[in-house]
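Novice: Predicted model follows, preceded by the sequence.
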Amino acid sequence: DTEVTQTPKHLVMGMTNKKSLKCEQHMGHRAMYWYKQKAKKPPELMFVYSYEKLSINESVPSRFSPECPNSSLLNLHLHALQPEDSALYLCASSLRAGGFYEQFFGPGTRLTVL
Amino acid sequence: GENVEQHPSTLSVQEGDSAVIKCTYSDSASNYFPWYKQELGKGPQLIIDIRSNVGEKKDQRIAVTLNKTAKHFSLHITETQPEDSAVYFCAATKQTGANNLFFGTGTRLTVIP
């Protein structure tokens, strides 16, 4: 199984809502990532988890809260988002963080904030 | 930090022709250069990569070349097919430290049947 799955595929939320994005992989990877991708732009790194511990936070606003409950799951909790947070949110995983490890990307969650 | 530039931003070719996408990087310590293909509605997918101890790598119709001195690398697609139409991103990273990928700005390739 070389797949990263993400749910939901689409999400529309208001600025006062609380929602969560989920990501799952069963490749035995110990590094997992959240990226944000705006239209016609490359993915921007948000968070990196290595062995279920947050290792990188790229100065992301606190309205985005990541969680890694176990080595296969990664969540992104959303609260009080702004319309400019509308984007495609991509999850990725790799065997380890650091080094020459291929990152496997999920299909993304298309988020719209009204 | 690393800065990766990518050209062109859009590229249209006739089916069967070749396509070339070029990237430059700024950090001479970068030593791993993957290329990702992103189709509509999907996440990026690695199609080929090259490490700094190699000058060229080929996989069927796809090849990548690296010039460490000039700090640039290129993706070459031969005998293009309509299914090659997608957005292509180059990236650069270092072996040490976190696996941060620094992406180029992307090239939208359209292969005209």
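Specialist: Perfect, thanks for sending it.

Novice: Identify the spatial nearest neighbour of B:Cys90, chain neighbours not counted.
Specialist: B:Cys23 (3.8 Å; C-beta to C-beta, 6 or more residues apart in numbering or on different chains). Just so you know, the C-beta spots here come from the backbone N, C-alpha and C atoms, and that holds for glycine as well.

Novice: Could you do A:Tyr101 as well?
Specialist: A:Tyr101 sits nearest to A:Ser94 (C-beta to C-beta, 6+ apart), 4.0 Å away.

Novice: what do you get for B:Ser26?
Specialist: Per C-beta to C-beta, 6+ apart, closest to B:Ser26 is B:Asn3, 4.3 Å.

Novice: hang on, the earlier thing: for beta bridges, what are the partners of the residue nearest to B:Cys90?
Specialist: B:Gln6, B:Phe73 (DSSP bridges).

Novice: And it, how close does it get to B:Leu66?
Specialist: B:Cys23 sits at a distance of 10 Å from B:Leu66 (criterion: C-beta to C-beta, to the nearest Å).

Novice: what do you get for B:Thr10?
Specialist: From B:Thr10 to B:Leu66 the distance is 24 Å (C-beta to C-beta).

Novice: who's more crowded, the two?
Specialist: Taking neighbours as other C-beta atoms under 10 Å in any protein chain shown, B:Thr10 and B:Leu66 compare with B:Leu66 leading, 21 against 10.

Novice: Check whether the more buried one really touches B:Val54, as I assumed.
Specialist: Yes - under the criterion of C-beta atoms under 8 Å, B:Leu66 makes contact with B:Val54 at 6.9 Å.

Novice: tell me which parts of chain B are close to chain A?
Specialist: B:32, B:34, B:36, B:41-46, B:49, B:51, B:89, B:95-101, B:103-106 (C-beta under 8 Å from any C-beta of the partner chain).

Novice: Sitting in strands, which of those do you find?
Specialist: Those of these mapping onto strands are B:Tyr32, B:Pro34, B:Tyr36, B:Gln45, B:Leu46, B:Asp49, B:Arg51, B:Phe89, B:Phe103, per DSSP state E.

Novice: Phi, psi for B:Pro82 please.
Specialist: Dihedral angles of B:Pro82 (phi, psi; degrees, to the nearest 10) stand at phi -50, psi -30.

Novice: among the ones in strands among the residues of chain B next to chain A, which two are most distant?
Specialist: Within these, B:Gln45 and B:Arg51 form the most distant pair, 19.2 Å apart (C-beta to C-beta).
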